[in-house]
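Enquirer: Build me a model from this:
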Amino acid sequence: MAESTISLDCQYIRCQAQKELKTHIQDVIPFRHAQCLEGTRQIIWETNQIISKENLDDKIKIQCLTLLTNVHRAIAEMTADGAIVEQAIKEVKQLQQQSQQEQQQQQQQTDIAAETEEAIEEEYTTTNGVF
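Expert: Residues are numbered from 1 along each chain as shown. This is a model prediction of the structure:
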């Protein structure tokens, strides 16, 4: 198998992986993040509904307060994770730009090689025609 074919295959696989990663980071992760935040908000609302009931057993109230504490901690972690997601999106964009630059450089090298080969063939043909 030709080395250029393998190189092109690797380049294609690399591009596909970058596209899939970009889609995952830009679409899937933010969606899941929003789902988690909404779920925790619902838990807070439901827990507050339970706490607001009259004649609530102290044990249940303490459990609800513990749950609220844990949920607020989870929200704080998800908020921090949001910053990580934004950083990941920036890095994907940088990788994509770098990949595009590499592709352009490879194309330029391929063009130069083809032009050089054509020039050599042309010179060889001219030289053979003289003899």
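Enquirer: what packs against whichever helix or strand N48 is part of?
Expert: In the assignment (DSSP states H and E), N48 maps to helix 29-51. Helix 29-51 sits against helix 58-130, with contacts defined as 3 or more CB pairs under 8 Å, 6 or more residues apart in numbering; DSSP states H and E. Quick note: C-beta positions are derived from backbone N, CA and C, even for glycine.
Enquirer: avg pLDDT for the helix it packs on?
Expert: Model confidence over helix 58-130, given as mean pLDDT, is 79.
Enquirer: buried sites along stretch 15-29?
Expert: Residues of stretch 15-29 classed as buried: 18, 22, 25, 29 (neighbour count, 16 or more other CB atoms under 10 Å).
Enquirer: with those residues in mind, which one is nearest to E91?
Expert: Nearest to E91, judged by CB to CB, of these is I25 at 8.7 Å.
Enquirer: Now do that closest one against H33, distance only.
Expert: 11 Å (CB to CB, to the nearest Å).
Enquirer: Work out the gap between stretch 102-111 and the centre of the chain.
Expert: 25 Å (CA atoms, centre = their mean, to the nearest Å).
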